[in-house]
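Visitor: Sequence plus the predicted model coming up.
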Amino acid sequence: MIEYSYPLYRPPAEADNIIIQATYGCSYNNCTFCSMYKTKSFEVRAIEDVFNDVETLAHSYPDARKVFLADGDALALDTEYLLKLLKHLKQSFVKLRRVSLYASAQNILNKSTQDLQLLRENGLNLIYYGVETGSDIVLKKITKGVNQSEIIESLNKASDAGLKISATVILGMGGTKYSDEHIIESSKIINATRINYLSTLQLGLEEDAKEKFYKHFKDFEMLGDIELLQEQKKFIQLLNPTNKIIFRSNHASNALHLAGNLPREKERLIQELDNALSVGEMAFIPSMFRGF
Ligand code: SF4
């Protein structure tokens, strides 16, 4: 078997799929709320070592159809490296249908549209993208390194290249003071782009992230579950996407699990939120069963 470098993260939807670590860590690693890769320095692995992992896993799982490229933003890799890896994956997994990875706005904006199209033509299908918030005020406070217009530009650039996008927005990211700003500006991003999947998580801060987080976001006050679900309701109300979006709110952090298609099932999702809010905390998943 292969040896992974831990901690190792992958989207919930990739739980049963092949994971190949082409990079270690995150090339940016500076968002104040995120402690995922604080113990790792960003590193591009030697492609021969990655090929060895591919061959070992292909031998053990010859019928695998889906591969996720880790770690935090494998789209930071050179296009040439990624093309070699995508070709090797196609040769090794004969039933391969989908290759996905985490990507940031910076990764996408650093590539030409032609490079993104080339990656798509060679088997990269899906990118997982953390929008987190659409508010320029909050983006600055969490030191995300990009603004709203760059997020919109990068998402549209990826869609134009034919890549499917699974995006996440973090409920509570603006705290009490910027809650409305966070939700209104985040909805503008979804309405101005053509993402395919959307998830909402609830903000949770690991102990080791708190000092840096509060240093940059001095007026932050955490929202409770009821306020977070009110944010979620407002967010869904404001969504008017031009394309069909598969919406999921079923992350380990969520107080209430929701699933539906937008915009078609918007009213039903709002009704479910209203029902839960009218019952209160008894309707929520107990916090002891949740995590971030
Ligand atoms: S949120 Fe994403 S881009 Fe930001 S530090 Fe964490 S892994 Fe890197």
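Guide: The structure has been received and is ready for your questions. Computed from a predicted structure; not experimentally measured.
Visitor: What's the local residue count around the closest residue to residue 193 other than its chain neighbours?
Guide: If you skip the residues right next to it in sequence, residue 193 has residue 155 as its closest partner in space, 4.1 Å away by Cβ to Cβ, 6 or more residues apart in numbering. All C-beta atoms are positioned from the backbone trio N, CA, C, and that covers glycine. Here the number of neighbours of residue 155 (other Cβ atoms under 10 Å) works out to 24.
Visitor: From residue 55, how far out is residue 155?
Guide: From residue 155 over to residue 55 the distance is 34 Å, taken as Cβ to Cβ, to the nearest Å.
Visitor: Can you tell me which residues in the stretch 1-150 of the chain are near the ligand?
Guide: Along the stretch 1-150 of the chain, the residues adjacent to the ligand under the rule Cβ under 6 Å from any ligand atom are 26, 28-31, 34, 36-37, 72-73, 104, 130.
Visitor: Turn the residues you listed into TSV, including pLDDT, neighbour count and secondary structure.
Guide: Putting these into TSV (pLDDT from 0 to 100; neighbours: other Cβ atoms under 10 Å; DSSP: H, G, I helix; E, B strand; the rest coil) gives the following:
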residue	pLDDT	neighbour count	secondary structure
26	98	23	coil
28	98	20	coil
29	97	16	coil
30	97	12	coil
31	98	20	coil
34	96	22	coil
36	94	18	coil
37	95	19	coil
72	97	23	coil
73	98	26	coil
104	98	24	coil
130	98	21	strand
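Visitor: could you list every residue that touches the closest residue to residue 230 other than its chain neighbours?
Guide: Here the nearest residue to residue 230 in space, its sequence neighbours aside, is residue 277; by Cβ to Cβ, 6+ apart that works out to 6.9 Å. By Cβ atoms under 8 Å, 6 or more residues apart in numbering, the residues touching residue 277 are 226, 229-230, 233.
Visitor: Out of the residues you listed, name the ones that lie in helices.
Guide: Among these, the members falling in helices are 226, 229-230, 233 (criterion: DSSP state H).
Visitor: Are any of those buried, and if so which?
Guide: For those, a neighbour count by 16 or more other Cβ atoms under 10 Å gives the buried set as 229-230, 233.
Visitor: which stretches of the stretch 1-150 of the chain aren't confidently modelled?
Guide: When residues are selected by pLDDT under 70, none of them lie in the stretch 1-150 of the chain.
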